[in-house]
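K.L.:
what's the 3D shape of this:
(one chain, ligands or ions: 2)
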Amino acid sequence: MPVAAAPETVTCRDERFRLYLDEEAISNRIAELGAQIDEDYAETDTPPIFIGVLNGAYIFTADLMRAVTVDCEVDFYKLSSYGEAKVSSGTVTERKGIDADLEGRHVIVVEDIVDTGLSMRYVLDQISEKNPASLRSAALLRKPDALKVDAPVDYLGFDIDNLFVIGYGLDYGQIARNLPAVYILDEEEGE
Ligand SMILES: O=P(O)(O)OC[C@H]1O[C@H](OP(=O)(O)OP(=O)(O)O)[C@H](O)[C@@H]1O
Ligand SMILES: Nc1nc2[nH]cnc2c(=O)[nH]1
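P.N.:
Ligands and ions are numbered 1, 2, ... in the order given. As a prediction, the model looks like this:
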């Protein structure tokens, strides 16, 4: 069945967003990240476990895992810090902890986006305390000009401009996560 091309612009909550990363760019980059993870974990004694950070990373986690061919597991952590707003509240709130026992495991934290870096920093600090065998991180997007804390990303999709983005799991007041591509706030219209 033919798949319709992603539209060039979308309106979400009365603000206009323009296409920034299309489905092909996203899937090509994820294939590269998957190949890198395969190489890095080919020899490990136990399968790596991906810890997806809900809600935003649910789509990226699923696609990244399917780009990996080594045995691997998945679990999820749920945080929130943005609520309905386009800027961070500055406080990371834990909504659901991790069920899996991470002691001695090779852990890869998966985020959709590293913006201020507060969420990634929070997760890395929490998981470090569980004594994993190794700890790495993946993020589809990172805004280098917005970083406020050290938040290392081992498997990075794209560095992007410092503007609000939606789609491919990323929401605006909980909607727009189902857009198949990443859209960025149209500067002429907003902020
Ligand atoms: O680097 P930061 O400034 O911390 O921003 C990144 C975080 O913001 C988003 O989560 P959000 O709090 O919006 O919750 P959501 O994942 O449910 O959308 C995103 O999914 C990251 O977890
Ligand atoms: N939807 C969305 N969530 C975010 N969380 C942190 N930065 C962003 C962003 O640019 N867009």
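K.L.:
note down every partner strand of the worst-scoring helix or strand of the chain on mean pLDDT and its orientation.
P.N.:
Ranked by mean pLDDT, DSSP states H and E, the weakest helix or strand in the chain is strand 93-96, scoring a mean of 90. With DSSP bridges as the test, strand 93-96 is paired with strand 73-80 (antiparallel).
K.L.:
need the residues that contact the top helix by length along the chain.
P.N.:
In the chain, taking DSSP state H as the definition, the longest helix is helix 23-40. For helix 23-40, the external contacting residues (C-beta atoms under 8 Å, 6 or more residues apart in numbering) are 6, 48, 60, 63-64, 66-70, 108, 136, 138, 140, 155, 157-158, 168, 180-182. Every residue, glycine included, has its C-beta placed from N, CA and C.
K.L.:
now whichever residue of the chain sits closest to ligand 1: how far from residue 135?
P.N.:
Residue of the chain nearest ligand 1, by C-beta to the nearest ligand atom: residue 56 (2.6 Å). According to C-beta to C-beta, to the nearest Å, residue 56 stands 20 Å off from residue 135.
K.L.:
which one of these two has more residues nearby?
P.N.:
For residue 56 versus residue 135, the count of surrounding residues by other C-beta atoms under 10 Å is larger for residue 56: 23 against 20.
K.L.:
leaving out chain neighbours, which residue sits closest to the residue nearest in space to the middle of the chain?
P.N.:
Among the residues of the chain, residue 112 comes closest to the average C-alpha position under C-alpha atoms, centre = their mean, at 1.4 Å. With C-beta to C-beta, 6 or more residues apart in numbering as the criterion, residue 112 has its nearest non-adjacent residue at 3.8 Å, and that residue is residue 56.
K.L.:
what do you get for residue 64?
P.N.:
residue 30 (5.7 Å).
K.L.:
can you check residue 134 too?
P.N.:
Leaving aside its chain neighbours, residue 134 sits nearest to residue 106 (4.7 Å; criterion: C-beta to C-beta, 6+ apart).
K.L.:
could you verify my assumption that the one you found touches residue 133?
P.N.:
Yes: proximity of residue 106 to residue 133 meets the contact threshold set by C-beta atoms under 8 Å, at 5.3 Å.
K.L.:
nearest spatial neighbour of residue 113, skipping sequence neighbours?
P.N.:
Once flanking residues are discounted, residue 113 sits nearest to residue 141: 4.3 Å by C-beta to C-beta, 6+ apart.
K.L.:
do the same with residue 52
P.N.:
Leaving out its chain neighbours, the residue that sits closest to residue 52 by C-beta to C-beta, 6+ apart is residue 61, at 3.4 Å.
K.L.:
for ligand 2, what are the nearby residues on the protein?
P.N.:
For the chain, the residues in contact with ligand 2 (C-beta under 6 Å from any ligand atom) are 82, 113, 115, 164, 165, 166, 170, 171, 172.
K.L.:
ok, now with 5 Å
P.N.:
Proximity of the chain to ligand 2, by C-beta under 5 Å from any ligand atom, involves residues 113, 115, 164, 165, 170.
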